[in-house]
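Colleague: mind looking at a prediction? Sequence and model below.
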Amino acid sequence: MCLGVPGKVIEVAGNVAIVDFWGVRRQVQLDVVDEPVAPGDYILNHVGFAIRRIPESEIGETLALYEQLIAQAEQDDLMAEDVRNEIAASRDDPRAGN
């Protein structure tokens, strides 16, 4: 199963953006995104590439769905565990600003 992860664009420099995923900031390529993005936009990331700009009207629903998926995932689900660990690590990382 492939999963895109929503994140908030912090800054854009050419075809690269810094994107915040629940406090964890990563570089994301913008080469294949469906429309231009700017700081403050939300994107759907898949393996380091933004594949879709999330319309403002869908952001709340998208983030809520993703958090629900993580909360309901089985404790032995490796992907959910990885996301939980990244969220927990971001809370301990002073660079995350939490």
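Modeller: It's in.
Colleague: okay, now the unreliable bits of the chain?
Modeller: Along the chain, the parts satisfying pLDDT under 70 run over 1-2, 83-98.
Colleague: can you give me the strands for it?
Modeller: Listed in chain order, the strands of the chain (DSSP state E) span 5-13, 16-21, 24-29, 42-46, 49-54.
Colleague: deepest-packed of those, please.
Modeller: Mean neighbour count, computed with mean count of other CB atoms under 10 Å, is highest for strand 42-46 among the strands of the chain, reaching a mean of 21. Yep, even glycine has a C-beta here, placed from its N, CA and C like the rest.
Colleague: just want the angle from that one to strand 49-54.
Modeller: Following axes from the mean of the first three to the mean of the last three CA atoms, to 10 degrees, one obtains 150 degrees for the angle between strand 42-46 and strand 49-54.
Colleague: what angle separates strand 42-46 from strand 16-21?
Modeller: Interaxial angle of strand 42-46 relative to strand 16-21 (the same axes, to 10 degrees): 100 degrees.
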